[in-house]
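Build me a model from this:
(2 chains)
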Amino acid sequence: MNLLIDARQLSKTFVLHQQGGLALPVLSDVSLQVAAGECVALTGPSGAGKSTLLKALYANYLVASGSIRIRHQQQWVDMATAQAHEIAAVRRHTMGYVSQFLRVIPRVSALDIVAEPLLEWGYSAQEAQQQAGAWLARLNIGERLWSLPPATFSGGEQQRVNIARGMIAPRPILLLDEPTASLDAANRAVVISLMREARQRGAALVGIFHDEDTRDAVASRIFQVPLAHAGHA
Amino acid sequence: MSQPVLSVSGLAKDYGNGQGCFDIDFELYAGEVLCIVGESGSGKSTLLSTLAGRLRADSGSVRFCDRDGRQHELTALAEAERRRLARSEWGFVTQHARDGLRMGVSAGANVSERLMALGQRHYGQLRETAAQWLEKVEISRERLDDRPSAFSGGMQQRLQIARNLVTQPRLVFMDEPTGGLDVSVQARFLDLLRRLVHDSGIAVIMVTHDLGVARLLAQRTLVMQRGRVVEAGLTDQILDDPQHPYSQLLVSSILQA
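The predicted structure is shown next:
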């Protein structure tokens, strides 16, 4: 088994200093291993920490304890302790994050937003734009929109631009936070096949999928996020 | 990865009465943009000026690695050497353009000044380089002979960028560069800056009170309060999962547009 994610004994408690230091335990003692070609669906009731776990793997949230070892270019990097520039390198080359929400950059066209990760991989501008166009077309974003900044696009269009940007670079690990939420059936089917293709090329996927159909179509395994117990910091 | 462009340890500038900056430690690598955020009086501009050698540090060390891999201890540098490095290896963009530009000479002369200071004398070449840099910052080359006093605020800030980047520095300090700009002008400036940083691989240390600017430009952020760094990390982590009470207050105070 070719392990790409090896997270052990993760704990996370949110401390809200503006609410008098209120402590909300969200993860306690969570361990998750994911191998190449797997797709792990995180499940559990709302508030159980699915999204927190995903964000912790990406080092977007800080864990209080535990290790998050990621296989990055033949080495293991612990995202819980790595320096900022090391985390940036892991995100650029190894681990992508696809959310529903696009953070719009003023004045940058949809085509360039999608092409950017490939430029960071060293592709030529022409090659990156060509591939970006193919991804946008596959996700049913009409060519007349490609040169426009997506600030004025509909929510669904922005979401699809974001999926293209998040998946275009063939990173070995993909974290997916409800990638098909609010998409219509046709576009959901496209995203499902994109995720399957990523698995086929050997990527490890971890995702939160709001509907069972999507989960059944892409997941190879279910991981129930265990409820945090109070009193564990 | 190669060695950091800047290594700061135990840096302090003490004005007395608890004013200044204290116990500053961080490293900055080529291509990284670091934002320093915090309210007025938190010591962020003092830190920036101390790093750039414009203020003398009271203790600690700032090591700068130049393009040939040589290390310089900036806190112990002779003034002449500091000026040479300031012209060739780093830049400084100020909040008020009139502090960073020569308002009495042409835009072209503003851009050429650092090149001339480094020994370039060929008039035609200097003029052509200046014209190219005006275009890079989206100012028409027709404005080469105009004085910056005839420019809008956004153009003046872009001219400052050209004036600083023309010598291809390794590191650029920026003190609230978007502070006086309208929101629409700001977006253009930020997009331009983002592109230039990406293309040139320079390292940037920027003081800002705008967390949106930090989110857009900076991989890393330092949060300062009362002269000290209370939280340091990836910008998205600090904005999405702030740990320190002051960072939480700062993040929760952003108006959602």
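
mind listing what residue 108 touches?
Using chain A here. A:Pro149, B:Asp191 (Cβ atoms under 8 Å, 6 or more residues apart in numbering or on different chains). All C-beta spots, glycine's among them, are computed from the backbone N, C-alpha and C.

that's the wrong chain, I wanted chain B
Contacts for B:Gly108 were tallied using Cβ under 8 Å, 6+ apart; they are B:Leu126, B:Arg127, B:Ala130, B:Ala131, B:Leu134, B:Leu144, B:Asp145.

Which ones among those residues map onto strands?
Among the contacts of B:Gly108, no residue falls in strands (DSSP state E).

which of these lies closest to chain A?
Of all those, chain A sits closest to B:Leu134, with 19.0 Å by Cβ to the nearest Cβ.

If you count neighbours, what's buried in stretch A:186-203?
Buried residues in stretch A:186-203, counted by 16 or more other Cβ atoms under 10 Å in any protein chain shown: A:Asn187, A:Arg188, A:Val190, A:Val191, A:Ile192, A:Leu194, A:Met195, A:Ala198, A:Arg199, A:Ala203.

re the thing from before, just checking: which of the contacts of B:Gly108 also lie near chain A?
When Cβ under 8 Å from any Cβ of the partner chain is taken as the criterion, no member of these contacts chain A.

For chain A, which segments count as helices?
Per DSSP state H, chain A has helices spanning A:50-57, A:84-93, A:110-120, A:125-138, A:155-167, A:185-200, A:212-218. These are given in chain order.

rewinding a little: from the contacts of B:Gly108, which is closest to A:Ile5?
Minimum separation from A:Ile5 among those (Cβ to Cβ) is found for B:Leu134, which lies at 48.9 Å.

OK, contacts around the residue lying closest to the closest one once chain neighbours are set aside?
Leaving aside its sequence neighbours, B:Leu134 sits nearest to B:Arg141 (Cβ to Cβ, 6 or more residues apart in numbering or on different chains; 5.4 Å). For B:Arg141, the contacting residues are B:Ala131, B:Gln132, B:Leu134, B:Glu135, by Cβ under 8 Å, 6+ apart.

now do A:Ala181
With contacts defined as Cβ under 8 Å, 6+ apart, the neighbours of A:Ala181 are A:Gln100, A:Gln159, A:His210.

hmm, 6 Å instead?
If a contact means Cβ atoms under 6 Å, 6 or more residues apart in numbering or on different chains, then A:Ala181 has A:Gln100, A:His210 as its contacts.

Would you mind putting the contacts of B:Gly108 into JSON lines with pLDDT alongside?
Rendered in JSON lines, the data for those read as follows (pLDDT from 0 to 100):
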{"residue": "B:Leu126", "pLDDT": "95"}
{"residue": "B:Arg127", "pLDDT": "96"}
{"residue": "B:Ala130", "pLDDT": "96"}
{"residue": "B:Ala131", "pLDDT": "96"}
{"residue": "B:Leu134", "pLDDT": "95"}
{"residue": "B:Leu144", "pLDDT": "96"}
{"residue": "B:Asp145", "pLDDT": "97"}
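
If you go by neighbour count, which of those residues are buried?
Among those, those that count as buried by neighbour count (16+ other Cβ under 10 Å) are B:Leu126, B:Arg127, B:Ala130, B:Ala131, B:Leu134, B:Leu144.

Run the chain-centre distance for the host helix or strand of B:Leu239.
In this structure, B:Leu239 is located in helix B:235-240 according to DSSP states H and E. The chain centroid and the centroid of helix B:235-240 are separated by 21 Å under Cα atoms, centre = their mean, to the nearest Å.

Can you point out the buried residues in the following helix or strand past it?
Sequence order places helix B:245-252 as the next helix or strand after helix B:235-240, per DSSP H and E. Applying a neighbour-count criterion of 16+ other Cβ under 10 Å, one finds B:Pro245, B:Tyr246, B:Ser247, B:Gln248, B:Leu250, B:Val251 buried in helix B:245-252.

Return the closest of these with respect to chain A.
The closest of the buried residues of helix B:245-252, once distances to chain A are taken by Cβ to the nearest Cβ, is B:Pro245, at 3.6 Å.

Wait, the closest one touches A:Gln18, no?
No - when contacts are counted by Cβ atoms under 6 Å, B:Pro245 is not listed as touching A:Gln18 (7.4 Å).

Identify each buried residue in stretch A:77-96, please.
Within stretch A:77-96, the residues that count as buried by 16+ other Cβ under 10 Å are A:77-80, A:82, A:84-91, A:93-96.

quick check, that stretch touching chain B?
Yes - using Cβ under 6 Å from any Cβ of the partner chain, stretch A:77-96 reaches chain B at A:Ala84, A:His85, A:Ala88.

Does the last one touch B:Gln219 like I think?
Right, the one you point to is A:Ala88. Yes - with the criterion set as Cβ under 6 Å, A:Ala88 and B:Gln219 qualify as a contacting pair; they are 5.4 Å apart.

Give the burial count for A:Ala185, as a bare number.
The number of residues packed around A:Ala185, counting by other Cβ atoms under 10 Å in any protein chain shown, is 8.

coming back round to it: taking the contacts of B:Arg141 one by one, which sit in helices?
Those of these lying in helices (DSSP H): B:Ala131, B:Gln132, B:Leu134, B:Glu135.

Just send these back as CSV, with distance to B:Trp90 too.
Putting the ones in helices among the contacts of B:Arg141 into CSV (distance: Cβ to Cβ, whole Å) gives the following:
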residue, distance to B:Trp90
B:Ala131, 24
B:Gln132, 21
B:Leu134, 22
B:Glu135, 24
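
Let me have the helix or strand of chain B with the lowest mean pLDDT in CSV, keeping just the CA atoms, if that works.
For chain B, counting by mean pLDDT, DSSP states H and E, helix B:183-200 ranks last in confidence among helices and strands (a mean of 84). Written as CSV, here are the backbone C-alpha positions of helix B:183-200 (Å, rounded to 0.1, in the frame of the first residue of the first chain):
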residue,chain,number,x,y,z
VAL,B,183,-11.0,50.8,-3.4
SER,B,184,-11.2,50.5,-7.2
VAL,B,185,-7.7,52.0,-7.6
GLN,B,186,-6.5,49.6,-4.8
ALA,B,187,-7.7,46.5,-6.7
ARG,B,188,-5.7,47.5,-9.8
PHE,B,189,-2.6,48.3,-7.7
LEU,B,190,-2.9,45.0,-5.8
ASP,B,191,-3.3,42.9,-9.0
LEU,B,192,-0.3,44.6,-10.5
LEU,B,193,1.8,44.0,-7.5
ARG,B,194,0.7,40.4,-7.3
ARG,B,195,1.8,39.9,-10.9
LEU,B,196,5.1,41.7,-10.5
VAL,B,197,6.0,39.7,-7.4
HIS,B,198,5.0,36.5,-9.1
ASP,B,199,7.1,37.2,-12.2
SER,B,200,10.2,38.6,-10.4
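
dump the residue contacts of A:Pro150.
Under the criterion of Cβ under 6 Å, 6+ apart, the neighbours of A:Pro150 are A:Val104, A:Ala110, A:Gln158, A:Val161.

Relative to chain B, which of these is nearest.
When those are compared against chain B (criterion: Cβ to the nearest Cβ), the nearest one is A:Val104, at 9.9 Å.
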